[in-house]
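Q: Pasted the sequence and its predicted model underneath.
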Amino acid sequence: MMAKMVSLTIDGKPVEVPEGTLVVNAAKKVGVDIPVFCYHPKMEPVGMCRMCLVEIGRPVIDRASGQPLREEDGSLKIQFGPKLETACTTPVSEGMVVLGATEKVKAGREDILEFLLTSHPLDCPICDKGGECPLQNLTMGFGPGESRYLYDDKKHLAKHVPLGELIYLDRERCIQCGRCVRFQELIADDPVIAFSQRGRSLEIVSYSEPGFDSYWSGNTTDICPVGALTTADFRFRARPWELKAAASICNHCPVGCNLTLNVRREAVSGGKWVLKRVMPRQNEAVNEIWICDKGRLGYHFGAQNAERLEKPLVRKNGELQPATWQEALELVTERFQSVGRGLITLASGRLSNEDLFNLGKLTRSLGGKSILYSSMAGGDLTTQIGFAPGTNFADMGKESAILVVGSDLEEEAPLWWLRVRQAAKRGATLIVLNARQTKLDRDAHYSLRFPFGTAAAAVLALVNTLSPKRPELPESIQELARSSELKAAAKAFAEAKDAAILFGGDGMGLAETQALAQACANLLLITDHFGRPNNGLLGVWPRANDQGAWELGWQPSMNLPADLAQAQALYIVAADPVSDDPAYLNAFDGQKFVVVQDLYLSQTARLADVVFPAQAWTEREGSYTSGERRVQRYYPALQPNAALPPRVESPGSRRAQVLTGLRAELDGPQADFAIPAFLAEKLGYEGFVHASASLVFARLAAEAPSFGGLSYQKLAEVHEQWPIVGRSDLYYGGTTYENTQGLGVQLPLAQGGASLLSWPQVADFKLPKLGGIAFPITRLYDRGATLMHSQLLHKRIGEPYIILSKQEASRLKISQGGFVRITFTDAERSVVVQAKVDEGLPERVVLAPRSFGLPISGPTPVELKPAG
Amino acid sequence: MSKEKPPYILLRHRDIPDLDNLEVYRQNGGFKAFEKVVTQMEPAAVTEVVKASGLRGRGGAGFPTGLKWSFIDNKSWPHYVVANADESEPGTFKDREIMEGNPYQFLEGVAICAYAVQANVAYIYLRGEFWNLAASLDQHIAALEAAGLLGENLFGSKYSLRLYTHLGAGAYICGEETALLESLEGKLGQPRLRPPFPPSYGLYGKPTIVNNVETLANVPLIIERGAEWYRSMGTEKSPGVKIFSLSGCVNKPGNYELPLGTTFRELIFEHGGGIPGGRNIKAIMAAGASSSLIVADERALDTPMDYESVPSVGAQLGSASVIVIDDSVSIPWLIDKTTHFFRHESCGKCTPCREGTFWMSHLTERIANGRARREDVELLYDVASQIRGKCLCALGEFSIEAVLSGIERFRSDFDVAVGEVQTAAHVEQVPASD
Amino acid sequence: MLAEKYAQEIQTILAKYPPDQRRSAVMPLLYIAQRDKMYVNREDMAEIAEILGITPTEVASIVGFYSLYYEEQKGKYHIQVCTDLPCALRGAERFMQELCSRLNIRPGETTADGLITVEPVMCLAACDKAPMFQVQSGAGLSYHENQTVESALALIEQLRSDATRKRGRDSHV
């Protein structure tokens, strides 16, 4: 339903906005900037800083007739109030006249600024915010020329207060606007910073352990309108005006947050471009203006450092030794040709669409098999009944239902957690269906628990209450199936105009997520919630481009160790199976030919015959397909260590020139899409492109049906977003970047998804009487390769651990933080780790975080003993 | 010219011994009014009576009480009543006496208000220092529950009511009704943005009536004796009686229950026994530290103390906390006291109050201690003017009243303080009154 | 642990507020925590946070905002003299200065035996009975009005002997 429109004038400009719009935002729409400090367009107004004072006049209404009175000239008679009013708290009304530039208003703003400056240290020359500081800018614009405040009266306060090891507070610079506190409470739902004291002594404190314990803390530095909050990462490292900005996409999770990478050329780095910080870039359909701290502070994997692979390596006399590209490519070409169908290419969703396209095509050309390295399945379904074009969490509200199942959403995909929470606050019915408590439960209308190991059955229980075609339910789920809360939730889901399901891999591996996805797909199909905007199935994948991989036909193997063991040659790209699970070691028996392509010399790479050095996503172009099926471009921010191969204009001569170029110039890491193309060309295959990502994408768009009609130009299109951010008025939205380089495009759905699927096989799952079952969980901060390079986060990541039930802990006589020996019986591997105790866990259940060096890809039997 | 003292209405314990005993209170008609409203009156009719009585809020703002009750939002439930017993304005000590001496009349007032707006729970928010008082109110509430005057199905009706005390912990700002609600919710006592006002969005976001203790203590007798009776006292626009807390340079400080419209002269010289030591009266603050300084000339002394008349001498009646200032007092010293108070009590939420009170107190300190330049007086005036009209709540707005009126009306004291006028012994820091 | 030591009292307090508004109990619970030692430490804040389902930071924020809570140890008894305008007009400042000098401390300081802290406070709503002060201790708050320096010193002696007696008794346990 369209809101009623209201007409008013602001500084003489007529404007028409929906009823309820605040004056400050109405002004923004017509290009009138009203300065603010405490107001932020993403949060409810509080009217604290009093900076946005304006004169407001309203039509005088005749009491008798109810009609507005008119002046002699026929214009409306307008009455102004005696006081200035705050534009941030005042909603527009019909006929309102707002004056934002009168002498009275100017004087009022000057008064407020003078007050703020009496407490401010004015240390702009050494302040990290200098150059992008709202207070600095507004002081230039509205501030008094000189200070009437005696310097001796200034309050001197601590300037380097760590609110934790990630965020520092400068108490002198803080102007008590409370944006950070409100963000943490209202948006992040982590009220771990707060005001203490009062009056002029009001100060931000954090009493959490660790300090400022939130995945969202970095956003407070963006919206802080002064230099009071800074990240430990960027503090004192560069001045904002020295930085160049490159548009990018976060590759830590499937959300696809839009980023800006800030880089600077540095003498200390030998004149090279250096990545100085990661900032959010606005995309209201993806991450709005926020990013999580992993995205902001966990970029060092893609930075340039001494551990990066620079040259190809070839095993000679049992040792990996540097080689030329020519030598390495020729060796690989020869061996791949000889194994043909015996080749398995294993690649992960860390790669771009272009990389996966070329890799897949090469593997097919050779007759080999491509396998997606993933702990989750079900992508065949998300390509068919996934999020349809036009889907946006921001549009989900009162008429929507959202089911989150088998997912610890904040840990797995933080921004989706944030946006689902917002949707719930707008009135969407949120159903959280998990084996254990997660943070999202706080916002859920229905918080339902299934016994560990029965996620798919739990979804079938929902189906069961709705469908005349009733799937059979295993014994273990009967109690939940009979509960009135589940029935109410199912009804709410079915009756919602729009409904979406997010399924994750909490406690599950491939087989379990396959069944879960199938059950979810059935629920969507029988309730007719697919194929149109704001409906469909969303996989909370482990990696950024898993959805892209599925769209391009990649699938995981249900028995990867066996597949790998049987292969004659392996081409492993952006994956490190050996680190994840030593069970894979069996595949590396020295008999088969192994090629690894990565940024670093991983455990798997150490076992390879040839290692290709790959460029980081920061060094090249590419595109990812987010879980919401939005294809988004990222751009190079850093120069790769060596020059790119020469650019080729004429398609006819490309191959010859490239080969010439190869011989003469190819050096340093290459893009993941280019390396298979080099191989293809050596093999004499047609239709491969390596010269640029955009050309690869053009091929991809021509060959992969769901990408049809897309181009890099389309992906780069933008339209005006609300709120307007990132222009001259940093005080309004914060230092988040305006999106000028592409909002991306959501893929159309693949054909053939709209018929009822078979029910997934759900065997009854029972916990054992002895020993235990370890279930994998995902922690945002893990010990995976892509994060461990970010040293700043090490404290938060912590050492490997498992989580035990209270009964298990007391049986083992272990208290919180004690050590335990856990034996993974299938993997025949045993490790000593710290134990955390969760009183809510059922007996026999052990939670084991993924990517912490524990061999766990799905529910697996374990034995526990006290350590030592 | 001594008049016959009419019986007390609010400070009835002064006429009736042991009125803080429930039996005694009931023997004197106590809880008849509450029983009457619950058993015989529609809630809205109760509000109508209070409206008709012309009772206005006694906490300082003077808002018509019945009108406030009528604003309760009946589309949102449950409703709450909160008694504001955060009495913290310097110079105000009336609510304490009511709650100590005549607690049941106050509690009955709370109960009637709760019935009128159909609240089943009412909180009494007391300033933290009223620790012992809260304990005694808890006992009185327990006595009422034991007597069946509070609890479920009162007087055989379907109406139920529970009262609870809640102690603050030392924050003047919690006297502001929205800050009080925040505090009661377990948050920082900082005022909310208004609108919405508490009758539509109050405690826990639910419709809430917040009334001052004295206001509520008026209610039982208004119900019992009728609106007309109440209107027979005081003035037409400010009907009824008011407790005037008289303090400062006066022989008999204390609470005086008098009809609204009584003159300053009668209060200070007749009831208060005049100025000690034969000194002359210099100024009056009618609303505690939040007041303007009234020049205590003949016209001012003859001004009736009601909501309409006090503005004629450039001040507000507020909570009727009358602080008497004699001619030994230096006005710069005085405003240093008030600005120091507001600086200490500013919650810090809005810029002008947070920064302005801090700056003002620096300037007044310097001026009062003879370390200031002449320009500092101008600057102080500017800073105070700069705060005006820009604050989120009344605390900041009232913090400047004494400063501006002090400089405007007692300029010579400032000239002395900044050394413009050389006189001996010009600043007696601590005036004698004992 | 407060939850065990004051279980009954905590239940009574929590019962005052709606079940989904437990946070309202933060101030009363802080008074309980402060009772033992006249200040609230981090462990207490964390425990109160857990009881109420809020964060320790939110509890600490309350401790910081309200002037009757202390985050650090001071005297066992806080003699809090109102020196606001009405009291000052009746000699409260001189009273406090004299009292402090008799106790060999400055306002805000604690006596050598660690028992008595004298500090100025804002208006206590007893303006007609100045000089006056309140004594804040683990036992709560009590008002002492129409005071002289001598009457205050007598009270302080009484408090000191109470404290010594109590300490003696505690040491026997």
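A: Nice, I can see it. Numbers count the residues shown, from 1 in each chain, chains lettered A, B, ... in the order given.
Q: Domain-wise, how is chain C divided?
A: Following automatic domain parsing, chain C resolves into domains at C:2-65, C:77-172.
Q: and of these, who's closest to chain A?
A: When the domains of chain C are compared for distance to chain A using CB to the nearest CB, the nearest one is domain C:2-65, at 3.0 Å. In short, each C-beta sits where N, CA and C put it, glycine included.
Q: now the domains of chain C in TSV, with mean pLDDT, mean neighbour count and distance to B:S330?
A: Compiled in TSV, the domains of chain C are given as follows (pLDDT from 0 to 100; neighbours: other CB atoms under 10 Å in any protein chain shown; distance: least, CB to CB, whole Å):
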stretch	mean pLDDT	mean neighbour count	distance to B:S330
domain C:2-65	96	18	33
domain C:77-172	92	19	12
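Q: Distance to A:A423 added to the ones you listed, as TSV?
A: What follows is those, written out as TSV (distance: least, CB to CB, whole Å):
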stretch	distance to A:A423
domain C:2-65	22
domain C:77-172	46
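Q: can you redo these as JSON lines with distance to chain A?
A: JSON lines is the format used below for the domains of chain C (distance: least, CB to the nearest CB, whole Å):
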{"stretch": "domain C:2-65", "distance to chain A": "3"}
{"stretch": "domain C:77-172", "distance to chain A": "12"}
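Q: Out of those domains, which gets nearest to A:F707?
A: Nearest to A:F707, of all the domains of chain C, is domain C:2-65, at 45.9 Å by CB to CB.
Q: Any residue of the closest one touching chain B?
A: Yes - counting by CB under 8 Å from any CB of the partner chain, chain B has neighbours in domain C:2-65: C:16, C:18, C:21, C:23-28, C:30-31, C:52, C:54, C:61-62, C:65.
Q: Among those, give me the pair with the biggest separation.
A: Longest span within those, CB to CB: C:P18 and C:F65, 22.9 Å.
Q: Near chain B, which residues of chain A are found?
A: Counting by CB under 8 Å from any CB, the residues of chain A near chain B are A:45-51, A:53, A:82-84, A:89, A:108, A:111-112, A:114-116, A:118-119, A:148-150, A:153, A:155, A:175-176, A:178, A:194-195, A:197-202.
Q: Check what contacts stretch B:195-209 and list those residues.
A: With contact meaning CB atoms under 8 Å, 6 or more residues apart in numbering or on different chains, stretch B:195-209 is reached by B:68-69, B:71-74, B:76-82, B:113, B:117, B:119, B:123, B:177-178, B:181, B:184-185, B:210, C:18, C:21.
Q: are any of the residues you listed buried, and which?
A: Buried subset of the contacts of stretch B:195-209 (neighbour count, 16 or more other CB atoms under 10 Å in any protein chain shown): B:68-69, B:72-73, B:79-82, B:113, B:117, B:119, B:123, B:177-178, B:181, B:184-185, B:210, C:21.
Q: Which of those fall within strands?
A: Counting by DSSP state E, the part of those found in strands is B:80-82, B:123, B:210.
Q: give me every residue that touches the closest residue to chain A within the stretch 1-150 of chain B.
A: Nearest residue of the stretch 1-150 of chain B to chain A (CB to the nearest CB) works out as B:S88 at 13.9 Å. Residues counted as contacts of B:S88 (CB under 8 Å, 6+ apart) are B:127, B:172, B:174-175, B:345, C:122-123, C:125.
Q: In contact with the spatially closest residue to B:V81 that is not a sequence neighbour, which residues?
A: Nearest residue to B:V81, sequence neighbours excluded (CB to CB, 6 or more residues apart in numbering or on different chains): B:A122, at 3.9 Å. Residues in contact with B:A122, defined by CB under 8 Å, 6+ apart, are B:80-83, B:110-111, B:113-114, B:161-164.
Q: can you put these in TSV and add pLDDT?
A: Formatted as TSV, the contacts of B:A122 follow (pLDDT from 0 to 100):
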residue	pLDDT
B:Y80	98
B:V81	98
B:V82	98
B:A83	98
B:V110	98
B:A111	98
B:C113	98
B:A114	98
B:L161	98
B:R162	98
B:L163	98
B:Y164	98
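Q: give me the residue from the stretch 101-250 of chain A nearest chain C.
A: A:S196 (3.0 Å).
Q: Same question for the stretch 251-400 of chain A.
A: A:D293 (17.4 Å).
Q: And the stretch 451-600 of chain A, by the same measure?
A: Closest point on the stretch 451-600 of chain A to chain C, by CB to the nearest CB, is A:E485, at 17.8 Å.
Q: quick one: that residue and A:Y446 touch, right?
A: Yes - A:E485 is in contact with A:Y446 according to CB atoms under 8 Å; the separation is 5.9 Å.
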